[in-house]
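Student: what shape does this take:
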Amino acid sequence: MPQIGYSTKLLGVLGENISYTLSPAIHNYVFERLSIDAVYLAFDLKREKFRETIRGLLNLAYGFNVTIPYKEDVIPYLSGLSEEARRVGAVNTVKEGFGHNTDYFAVKQLVSAAVEGPRVCTVFGAGGAGKAVAVALADLGCEVLIINRTRERALELATRIVELGGRAKVSESCPEDQDVVVNATPNPDIIPDHCVKGRLALDMVYKPLRTSLTVRAERKGMRVINGLQVLVRQALEADRIWFGKSLSDEEVLEYLSARQLVR
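Tutor: Just a heads-up that it's a prediction; the model follows:
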C-alpha cells in the first residue's frame, strides 16, 4: 500500500461480490512504479446501497473503475460520456465524474493484433462487457452474432450496433463460418463445445484464468485472448486517462505472475 497524504488521490473499482479483483494490485503497482500519488481500493457494494453510495464516491474519488453489475447503472450519475462510452452504452472507467469505456479499447486492440480481418464473430452475453465487446468487434468490420439468455437484451444490443452503422443480429446458435467466439458472461462454461471454433477465442473472465473456454480453444488449436490480458490492457488504458501515462502490459503481467496472483 502506498504512503497516503493530504494530496493523495483516491481511486478504486466499484462492483458487487468482487473480493477476487486484481485491480487494486495492478493499479497500486503502476502508481508505485511511476511515482503517482494515488491509492486504489475495492468498493464491494450491494445493489441496495448503490444509489446512496455512488453520489458520495463521485464527490470523493478522483476516478474509479466500474464492473459487474454497475457498468450501465452508473451512467445517469455522470456529467458526460466519451464517444466510445456513448457508442457502447456502458462505462467501466470514470475520471472526475466523466465516463469512459476502456474495455472497448482493450478488445479492439487485442483482437486486431491477434487476427487480421475478422468477418463473423459470435458473442455470448449482452450486458456491460458484452456491449463493449460487440461494438468493438463491429467497429473492426465483424458481423456480430449475439447469443444471450434474455433475447430482449440481445435484440437491444444488435439494434444499437446496426444504428451505429455496424452489422449485428440475434442468434440462437453459432454459424459454421465464425472467426471469433467470445464469452462476455460470468460463466465461460455456457458456451457449447460445438461453438468453440474459428481463429480466435476471447474470454472476458479472468478468475480462474484457465477457464473451460480457454482449455477447449487451445485443444482445438485456436488463438486465445484470456480475461487477464483484457483486464490488464483496459486497466492500463484507464491509467492513461487518469494520469496520462502507464506501464507496458508485459511488465504488469510479469508482476502479477511473480507475486503468484494469477492461477
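Student: show me where this structure has helices.
Tutor: Along the chain, counting by DSSP state H, helices occupy 23-33, 50-60, 83-88, 102-114, 128-139, 151-163, 212-219, 227-243, 249-258.
Student: which residues touch the spatially most central residue of the chain?
Tutor: For the chain, D103 is the residue whose C-alpha lies nearest the centre (C-alpha atoms, centre = their mean; 3.8 Å). By C-beta atoms under 8 Å, 6 or more residues apart in numbering, the residues touching D103 are 88, 90, 92, 128-129, 132-133, 136, 204, 230, 234. (Glycine included, C-beta is placed from N, CA and C.)
Student: closest one to R219 out of those, please.
Tutor: For the contacts of D103, the residue nearest R219 by C-beta to C-beta is M204; the value is 20.2 Å.
Student: which residues touch that closest one?
Tutor: Applying C-beta under 8 Å, 6+ apart, the residues near M204 are 103, 125, 129, 133, 182-185, 227, 230.
Student: pLDDT and distance to K49 for the residues you listed - can I get that in CSV?
Tutor: Below are the contacts of M204 laid out as CSV (pLDDT from 0 to 100; distance: C-beta to C-beta, whole Å):
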residue, pLDDT, distance to K49
D103, 98, 24
G125, 96, 25
A129, 95, 22
V133, 98, 28
V182, 98, 31
N183, 97, 29
A184, 96, 26
T185, 94, 24
G227, 95, 27
V230, 97, 28
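Student: rebuild those residues as a markdown table, extending it with distance to E16.
Tutor: Formatted as a markdown table, the contacts of M204 follow (distance: C-beta to C-beta, whole Å):
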| residue | distance to E16 |
| --- | --- |
| D103 | 17 |
| G125 | 17 |
| A129 | 14 |
| V133 | 21 |
| V182 | 23 |
| N183 | 20 |
| A184 | 17 |
| T185 | 15 |
| G227 | 18 |
| V230 | 20 |
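Student: which one (most neighbours) among those residues?
Tutor: Tallying neighbours with other C-beta atoms under 10 Å puts D103 at the head of those, with 34 neighbours.
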